[in-house]
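[1] build me a structure from this.
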Amino acid sequence: MVFDFFKRRRLSEEGEKRLVVALARAEERVIEAQVECALDVIEAVGEEMQLERVLEVYLEALEENPQRAEIIARRVLSRLNYEGTD
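    Numbering: from 1, shown residues only. The predicted structure is shown next:
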């Protein structure tokens, strides 16, 4: 319903820029939430399954976008590597 409104209404150039920035910020929040959830799942079953398999199962179940899934996987692995070096 909201998208129908935007399809019918032409935004100003400045409005379009604000919309793009707001959507980018929203996507970053979605990705960060997915990373946090994936880390929770890894913590819950990580001793019973290999890390790569847990991450694969998580992403297959909850992320349909392959590009976003790759971003999430990289951030999860990066976070685990970073936390492991402390």
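[2] who's in contact with Leu77?
    For Leu77, the contact set (C-beta atoms under 8 Å, 6 or more residues apart in numbering) comprises Leu55. Where C-beta positions appear, they are placed from N, C-alpha and C, glycine not excepted.
[3] before we move on, which element is the residue nearest to the spatial centre of the chain in?
    The chain has Ile31 as the residue nearest its centroid, 2.0 Å off, counting by C-alpha atoms, centre = their mean. Per DSSP states H and E, Ile31 falls inside helix 13-45.
[4] buried residues, that helix. List them.
    For helix 13-45, the neighbour count (16 or more other C-beta atoms under 10 Å) marks Gln34, Val35, Ala38, Leu39, Val41, Ile42 as buried.
[5] neighbouring contacts of the helix or strand just after it?
    Where DSSP H and E defines the elements, the next helix or strand beyond helix 13-45 is helix 51-62. With contact meaning C-beta under 8 Å, 6+ apart, helix 51-62 is reached by 34, 37-38, 41-42, 45-46, 49, 69, 72-73, 76-77, 80.
[6] many thanks, we can stop here.
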